[in-house]
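In: here are the coordinates; sequence isn't available:
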């Protein structure tokens, strides 16, 4: 399974590199190389850890974005997200390098790199608390899907989405694109919409989830939403 994970990671990050360097028009973009290296290295670290503690979750995380039992709206959402993500990386490449529209100070770039790392580090805690953290919205009956309410789930309903905001904001900062950062509120709104839809799906099919919604009030940020 580790071999498959490394192959998938290499393929995905090669494709993202094509988008970034192709839109930038050059391979001489140190920030992009560092971003790809940081995210790939941390991703493999998480994968090796999952293989040791929960190989079933690792297999689920490597599953396709379209699966049997997945809600139709979620399939459409994942297709839109995939296209949007690719377009976003191209916009960042055009902005930060090819046309140099943006000039992000070094300290903010470093802060962005820290944000990317923290997203991946905190997501490890999500996986430790929720062995059903699938990339798609579906009740995993074949895996004995049960409610996860410990760890970060004791405080917010969607910690993985909450931590993803660090990645979404950190990426354009690290790569030096104000235009990329300007897209982040729309992207956060998108995952917020998915969170609401996901809650409805889980409330209908996952025992105890309706009570969980009453017990844990906030989705992303305690005291805010």
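Out: Received it, and whenever you're ready, just let me know what you need. Just so we're clear, the structure is a prediction, and the values are computed from it rather than from any experiment.

In: in what helix or strand does residue 190 lie?
Out: In the assignment (DSSP states H and E), residue 190 maps to helix 184-205.

In: give the buried residues for that helix.
Out: Within helix 184-205, the residues that count as buried by 16 or more other Cβ atoms under 10 Å are 184, 187, 188, 191, 194, 195, 198, 199, 201, 202. All C-beta atoms are positioned from the backbone trio N, CA, C, and that covers glycine.

In: helices along this structure, start to end?
Out: 2-24, 30-53, 55-61, 72-93, 106-129, 159-175, 178-182, 184-205, 209-215 (DSSP state H).

In: show me the shaky parts of this protein.
Out: For the chain, applying pLDDT under 70 flags the ranges 1, 64-69.

In: from the chain's centroid, how far away is stretch 37-56?
Out: 14 Å (Cα atoms, centre = their mean, to the nearest Å).

In: what sits up against that stretch?
Out: 1-2, 5-6, 9-10, 13, 57-58, 61, 113, 116-117, 120-121, 123-124, 127-128, 131, 143 (Cβ atoms under 8 Å, 6 or more residues apart in numbering).

In: just the buried positions in it, please.
Out: 38, 39, 40, 42, 43, 46, 47, 50, 54.

In: as a markdown table, those residues with distance to residue 209 would be great.
Out: Shown next, in a markdown table, are the buried residues of stretch 37-56 (distance: Cβ to Cβ, whole Å):
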| residue | distance to residue 209 |
| --- | --- |
| 38 | 35 |
| 39 | 31 |
| 40 | 34 |
| 42 | 30 |
| 43 | 29 |
| 46 | 26 |
| 47 | 28 |
| 50 | 24 |
| 54 | 21 |
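
In: between all of the residues you listed, which two are separated the most?
Out: Based on Cβ to Cβ, the longest span within the buried residues of stretch 37-56 runs between 38 and 54 and measures 23.6 Å.

In: excluding residues flanking it in the chain, which one is nearest residue 98?
Out: Nearest residue to residue 98, sequence neighbours excluded (Cβ to Cβ, 6 or more residues apart in numbering): residue 25, at 4.8 Å.

In: quick check: that neighbour vs residue 94, distance?
Out: Residue 25 sits 9 Å away from residue 94, going by Cβ to Cβ, to the nearest Å.

In: ditto for residue 118
Out: 27 Å.

In: more neighbours: which of the two?
Out: residue 94 (18 against 14; other Cβ atoms under 10 Å).

In: spit out the contact partners of the nearest residue in space to that one that is not next to it in sequence.
Out: Excluding the flanking residues, the one nearest residue 94 by Cβ to Cβ, 6+ apart is residue 23, at 5.1 Å. For residue 23, the contact set (Cβ under 8 Å, 6+ apart) comprises 89, 90, 91, 92, 93, 94, 97, 98.

In: just the buried residues of the residues you listed.
Out: With neighbours counted using 16+ other Cβ under 10 Å, these contain these buried positions: 89, 90, 91, 92, 93, 94, 97.

In: will you turn those residues into TSV that also has distance to residue 172?
Out: Rendered in TSV, the data for the buried ones among the contacts of residue 23 read as follows (distance: Cβ to Cβ, whole Å):
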residue	distance to residue 172
89	10
90	12
91	9
92	6
93	11
94	12
97	13
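
In: which one of those sits closest to residue 169?
Out: Checking these one by one against residue 169 (Cβ to Cβ), the nearest turns out to be residue 92, at 12.6 Å.

In: ok, the most centrally placed residue in the chain to residue 14 distance?
Out: By Cα atoms, centre = their mean, the mean C-alpha position of the chain lies nearest to residue 164, the distance being 5.1 Å. Counting by Cβ to Cβ, the separation of residue 164 from residue 14 is 22 Å.
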